[in-house]
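Student: Sequence and predicted structure below; questions after.
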Amino acid sequence: MWQALYEELGAFGFVPITVALDRNADGPRPFVENAKPTHPSLLDTEHVLAERFHIVNVPTLIWIDERGAIVRPQDNQFGTDTFTKFHGKASGPYLDLVRAWAREGKGALAPDDVRKHQQLPNAASQLARAERALAWQLHRVGRSAAAERHFQRAAELAPKDWTIRRGSMPILGQNPFGPEFFELAKQGPAEFPMDAVTKTRIAPRAI
Amino acid sequence: MLETFTLIEDGRAHEARGSVAGERALIDAAALRSALGYELKPEGLCRGELCFPVRDRAALVAGAAIDLAELARITGRPLALDVTERAAALGTALEDRLASLRGLEAPDFTLPDFSGGTHTLSAYRGKKVLLIAYASW
């Protein structure tokens, strides 16, 4: 859907940049091959984007204006209605917001409004990211037991960070759409203050 | 006896020689400077133009080595340390990440695409960028 949006709005100076927070190219490759993007379609195996922009779940969408300023902070929105029955949000209204921004510059928030609705890290969540980075490195060099300890530590420090808790499931041999995920989902995902601004909810979250 | 430590920072793994003393990871000062850019000067513990005062030198310095945990404490950076595995990840100080996010300037990044190329966010100045973080999980 982002490629279609790029084709529609590229002439207005709009460009989507998709970034997969996956451990390697295998997971996202089917999506990328299907989409055939001509916009930047990137891979962030080390979660550097996640740390720099404080991303705690996917999908997270952020608007950056022509001067490089964040004008709409972390927003948990979708480009299709494929999983609306699970998360309860509609994509149509969000895509229309993006169109209005690209075509008319509408919908960018004033700086104080951006700050009011940002998700921000704390000391524990910053340490969690370091623990996750250590765990990932240990896993890659075959130190599985040590890796698991540090993934566990990261999870304890940032229980609502699904880039850590759900993102590590494939690494740990767990199905991110299976029973471990359903258990995680019962605890509820992180709050997105932008939910109060971008009103796309049409049903309660089902899982 | 010096061993090889793996120091992870900003998504990159560096090797540096060091030793273990109990729970302390003591990294050879020259190796630390080479890997992460930290250097002990009269002004304090410095990295580029930024220096942190060192009030307890004995806690930081052990012979020709630097205590990694004390470096993290002085610089305010989160440290994930596994002494047994001779590995550590040094993260971004909360203060720095908060200042960056609240400043509202999008942090720059350079990441690979799926065709062997790389892209840098700041190259897209002048465009309206919709940044979409997603995953297959």
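Tutor: Received, thanks.
Student: In chain A, which helix is the longest?
Tutor: helix A:123-140 (DSSP state H).
Student: now for it, which elements pack on it?
Tutor: With contacts taken as 3 or more Cβ pairs under 8 Å, 6 or more residues apart in numbering or on different chains; DSSP states H and E, helix A:123-140 sits against helix A:144-157, helix A:162-165, strand B:3-9, strand B:79-82, strand B:87-90, helix B:94-103. In short, each C-beta sits where N, CA and C put it, glycine included.
Student: With residue A:31 as the reference, name the closest of the ones you listed.
Tutor: helix A:162-165 (17.3 Å; Cβ to Cβ).
Student: how about the CA coordinates for the closest one, as PDB?
Tutor: This file holds the C-alpha atoms of helix A:162-165, laid out as PDB (Å, rounded to 0.1, in the frame of the first residue of the first chain):
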ATOM      1  CA  TRP A 162       7.200  -5.500  21.700                       C
ATOM      2  CA  THR A 163      10.200  -4.800  19.500                       C
ATOM      3  CA  ILE A 164      12.000  -6.600  22.300                       C
ATOM      4  CA  ARG A 165       9.400  -9.100  23.500                       C
END
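Student: ok, and what's touching that helix?
Tutor: A:21, A:47, A:50, A:55-58, A:128-129, A:132, A:151, A:154-155, A:158-159, A:184, A:189-190, B:135 (Cβ atoms under 8 Å, 6 or more residues apart in numbering or on different chains).
Student: List only buried entries from those.
Tutor: A:21, A:47, A:50, A:55-58, A:128-129, A:132, A:151, A:154-155, A:158-159, A:184, A:189-190, B:135 (16 or more other Cβ atoms under 10 Å in any protein chain shown).
Student: Can you point out the buried residues in stretch B:89-103?
Tutor: Buried, per 16+ other Cβ under 10 Å, within stretch B:89-103: B:89, B:90, B:91, B:92, B:93, B:94, B:97, B:98, B:100, B:101.
Student: how about JSON lines for those residues, with distance to residue A:169 added?
Tutor: JSON lines is the format used below for those (distance: Cβ to Cβ, whole Å):
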{"residue": "B:89", "distance to residue A:169": "20"}
{"residue": "B:90", "distance to residue A:169": "26"}
{"residue": "B:91", "distance to residue A:169": "22"}
{"residue": "B:92", "distance to residue A:169": "25"}
{"residue": "B:93", "distance to residue A:169": "29"}
{"residue": "B:94", "distance to residue A:169": "27"}
{"residue": "B:97", "distance to residue A:169": "25"}
{"residue": "B:98", "distance to residue A:169": "29"}
{"residue": "B:100", "distance to residue A:169": "29"}
{"residue": "B:101", "distance to residue A:169": "27"}
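Student: show me which of those residues neighbour chain A.
Tutor: B:89, B:90, B:91, B:92, B:93, B:94, B:97, B:98, B:100, B:101 (Cβ under 8 Å from any Cβ of the partner chain).
Student: pLDDT wise, what is residue A:190 at?
Tutor: You'll see residue A:190 listed with a pLDDT of 96.
Student: Please name the nearest non-neighbouring residue to it.
Tutor: residue A:160 (4.1 Å; Cβ to Cβ, 6 or more residues apart in numbering or on different chains).
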